[in-house]
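**Student:** Could you work out the structure for the sequence below:
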Amino acid sequence: MILAMFLFSSVAFAQQTFTFSSDPADIAIPDDGYDGTLGSMASDAIVASGIPAGTVTNIEIDVAITHTWIGDLTVKLVSPDGTILGVLSRPGLADVGDNGADCCGRSNDWSGATITFSDAGSVDAENMGLTAGVICSGNGECSYFPNPGSIATPPSTFTELYTGLMNGTWTIYVSDAAGLDIGTLNSWTLRISEVFDCSSGIGCQAPNQVNAYVADLSFPQQVGENFVPQTSGPITSVCWYGVYYDFASDCGPGSGDDFTITYYNDNAGAPGTILAGPLAVSPTVLPTGGILAGSLTEYGYEATHAPVSVIAFQAYWIEITNNLNGTCVWFWETAGPGDGISYYFNGASYNASDLAFCLNVPINADGGLSAAPVNDVCSQAIATSCGSTVFGTTTNATTQDNPGTCTYDLSTAGGVWYSFVGTGEQTTVSLGGAGTDYDTKLGVFTGSCGSLTCVAGDDDSGPGLTSQLTFCATLGTTYYIYNRF
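**Tutor:** Predicted coordinates:
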């Protein structure tokens, strides 16, 4: 059937919260040791991992401290990209500078109760102890929003951390700025909440309001779409688009929806062995505002399922099937031009259209089995962090966003882009590894995509044919890395 485009809006997933906790042996807070530096503070680290691409909606921490005289205390949170948020700054003291030099703040005790700090907190952290009694356990005030006081800003809220790195090392720092009263950091918890939607995924196949294919077991008919993940990791979230039609009129949404999702390994360009599934899912079904064929309401679907691990740059297929068991039939909507391939299982034949879907794992921009890597262009640089090892490919990479010369000519072949945020330390970037038998080149840049400045480049300074360079990465500066081999 022929379907016309009118309007499209994205569909958001339900919120997911990722929780990471640390309960070390009580860490002594150096008495009267604070001089404004992180090195003068007690600290503890949490490594966050497994958080998929998405739109962050909340970051908060729970902190348990045992300490007399809360006016001595300063608390800071450092994110994986080195951003420092002042959470608490000597409540009750109008300190002139963040250096531990002033006196004295409020005298309430914090006796090990767990305090939540979030942007939705009930009490300004500067007003901690304004209500008489032991903090939380005595005065009932256990929820605060951050107040950095004299600590440098921005940021001054958790919200300002939302666009930074989520996976990586988060560190809490606690200090004491006066003598006699002592204490310990007992435990803390980090919670990060996000929603995944098609607009926050990478390489998603957006619906084109042009056509749709039957994907309903009651018809019966099954269709699948190919994809190539750009990073290894677990698929946990899926969105897709479709319509309901009884071959006379719109009959949706289906009150008897019975969706399953199945993942297949690729076998020479066709679905092969089953990787996972069929996985029964219960999606949220929302009208997008789109109209197909003049009268059919376009619906967006959101669902999560148990993790399905995929490997970067290997080809897979996804089958999304409904089973309405009635005269109403579900159609999976087509996507914009890609590799022009989807697959009919009930006849082992190909369709000349892509299908609209998105995963929490980044995929090739057109979903095809031979598309360019998603980070083929600077604007789609894959974020990484210091201390990490990233596996990638330049197979099918183009020169469309080639940066030209950066010490060495980087334009002789296609390359891919990565980014990281400087930590204020000497940083080494290397390309290749043991057994590398191909020529490599490497360039590091600052600025913004389309207006980059070369920091350093290299051609085979590492072992064998590998490239490697070391430079001082400015704290908080975003660096773009171009890899060509």
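
**Student:** Mark out where each domain of this structure begins and ends.
**Tutor:** What automatic domain parsing lists as the domains of the chain is 16-195, 207-359, 374-484.

**Student:** Lys76 pairs with what?
**Tutor:** Per DSSP bridges, the residues bridged to Lys76 are Gly86, Tyr173.

**Student:** That one is in contact with Ile172, isn't it?
**Tutor:** Yes - between Lys76 and Ile172 there is a contact under CB atoms under 8 Å: 7.4 Å. C-beta: built from backbone N, CA, C; applies to glycine.

**Student:** Quick one: end-to-end distance for stretch 118-132.
**Tutor:** Length of stretch 118-132, first residue to last, CA to CA, to the nearest Å: 22 Å.

**Student:** actually stretch 333-341, not the one I typed
**Tutor:** 13 Å.

**Student:** Check which residues of that stretch are buried.
**Tutor:** By 16 or more other CB atoms under 10 Å, the buried positions in stretch 333-341 come out as 333-335, 338-339, 341.

**Student:** do the same with stretch 282-293
**Tutor:** Neighbour count says stretch 282-293 has 283, 285, 288, 290-293 buried, by 16+ other CB under 10 Å.

**Student:** Give me the subset of those that lies in strands.
**Tutor:** 285, 288, 290-292 (DSSP state E).

**Student:** possible to save those as a markdown table with pLDDT?
**Tutor:** Output for those, formatted as a markdown table (pLDDT from 0 to 100):
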| residue | pLDDT |
| --- | --- |
| Val285 | 83 |
| Thr288 | 80 |
| Gly290 | 85 |
| Ile291 | 89 |
| Leu292 | 89 |
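
**Student:** which of these sit farthest apart?
**Tutor:** Val285 and Ile291 (16.3 Å; CB to CB).

**Student:** so where is the stretch 301-450 of the chain shaky, pLDDT-wise?
**Tutor:** Along the stretch 301-450 of the chain, segments meeting pLDDT under 70 span 365-372, 396, 433-437.

**Student:** is it fair to say Phe420 lies in a strand?
**Tutor:** Yes - checked against DSSP: H, G, I helix; E, B strand; the rest coil, Phe420 lies within a strand.

**Student:** That one: neighbouring residues, count only.
**Tutor:** Residues contacting Phe420 under the criterion other CB atoms under 10 Å number 25.

**Student:** Can you give me the distance of it to Tyr480?
**Tutor:** To Tyr480, Phe420 is 9 Å away according to CB to CB, to the nearest Å.

**Student:** Check Gly86 too.
**Tutor:** Taken as CB to CB, the span from Gly86 to Tyr480 is 29 Å.

**Student:** ditto for Lys441
**Tutor:** Taking CB to CB, one finds Lys441 at 15 Å from Tyr480.

**Student:** and what of Trp69?
**Tutor:** Taken as CB to CB, the span from Trp69 to Tyr480 is 47 Å.

**Student:** Check Cys204 too.
**Tutor:** The separation that Cys204 has from Tyr480, given CB to CB, amounts to 23 Å.

**Student:** do the same with Asp257
**Tutor:** 44 Å.

**Student:** Equivalent analysis for Ser137, please.
**Tutor:** 49 Å.

**Student:** Looking at the two, which one has more neighbours?
**Tutor:** Tyr480 (21 against 14).

**Student:** Tell me what the more buried one is bridged to.
**Tutor:** Assigned bridge partners for Tyr480, using DSSP bridges, are Ser419, Phe445.

**Student:** Test my guess that it contacts Ser379.
**Tutor:** No - applying CB under 8 Å, one finds Tyr480 not in contact with Ser379, separated by 10.1 Å.

**Student:** quick one: common contacting residues for these two?
**Tutor:** Cys449 (CB atoms under 8 Å, 6 or more residues apart in numbering).

**Student:** Identify the spatial nearest neighbour of the residue of the chain most remote from its centre, chain neighbours not counted.
**Tutor:** Largest separation from the mean C-alpha position in the chain: Leu180, at 43.9 Å (CA atoms, centre = their mean). Of all residues not flanking Leu180 in the chain, Asp31 sits nearest, at 7.6 Å (CB to CB, 6 or more residues apart in numbering).

**Student:** what's the answer for Gly272, then?
**Tutor:** Gly272's closest residue in space is Asn265 (CB to CB, 6+ apart), at 4.5 Å.

**Student:** now the one you found, what's its secondary structure?
**Tutor:** Relying on three-state DSSP, one would call Asn265 strand.

**Student:** That one against Gly277, yeah?
**Tutor:** No - in this structure, Asn265 is not within contact of Gly277 by CB under 8 Å, at 11.9 Å.

**Student:** More neighbours: those two, which one.
**Tutor:** Gly277 (18 against 14).

**Student:** Just list what the helix or strand harbouring the more buried one packs against, helices and strands only.
**Tutor:** Per DSSP states H and E, Gly277 falls inside strand 270-281. Taking 3 or more CB pairs under 8 Å, 6 or more residues apart in numbering; DSSP states H and E as contact, the helices and strands that strand 270-281 lies on are strand 259-267, strand 296-310, strand 316-321.

**Student:** residues in contact with the helix or strand following the shortest one?
**Tutor:** Remark: after strand 316-321, the chain's next helix or strand is strand 329-335, criterion DSSP H and E. With CB under 8 Å, 6+ apart as the contact definition, strand 329-335 has outside contacts at 205-216, 218-219, 223, 240-247, 251-252, 254, 257, 292, 298, 320, 322, 324, 342, 353-357, 367.

**Student:** Could you pick out the buried ones from those residues?
**Tutor:** By 16+ other CB under 10 Å, the contacts of strand 329-335 give 205-216, 218, 223, 240-245, 251-252, 254, 257, 292, 298, 320, 322, 324, 342, 353-357, 367 as buried.

**Student:** so what strands line up beside the helix or strand that Asp44 is a member of?
**Tutor:** Assigned by DSSP H and E, Asp44 belongs to strand 42-48. Here strand 42-48 has these sheet partners by DSSP bridges: strand 168-176 (antiparallel).

**Student:** Please compute how far the very next helix or strand once past the strand it pairs with lies from its chain's middle.
**Tutor:** Using DSSP H and E, the helix or strand that follows strand 168-176 in sequence is strand 183-195. Chain-centre distance of strand 183-195: 19 Å, with CA atoms, centre = their mean, to the nearest Å.

**Student:** what helices or strands is strand 183-195 leaning on?
**Tutor:** Strand 183-195 packs on strand 16-22, strand 27-28, strand 42-48, strand 55-67, strand 110-117, strand 168-176, going by 3+ CB pairs under 8 Å, 6+ apart.

**Student:** Point out the most buried one among the ones you listed.
**Tutor:** strand 168-176 (a mean of 22; mean count of other CB atoms under 10 Å).

**Student:** if we can go back for a sec, just the ones in helices from the buried ones among the contacts of strand 329-335, please.
**Tutor:** When those are checked against helices using DSSP state H, none is located there.

**Student:** ok so, going back, mutual contacts of Asn265 and Gly277, please.
**Tutor:** Contacts common to Asn265 and Gly277, judged by CB under 8 Å, 6+ apart, are absent.

**Student:** so where do the strands sit in the stretch 301-450 of the chain?
**Tutor:** Applying DSSP state E, counting those that start in this stretch to the stretch 301-450 of the chain gives strands spanning 316-321, 329-335, 342-344, 349-351, 357-359, 382-383, 405-406, 408-409, 415-421, 426-431, 441-448.
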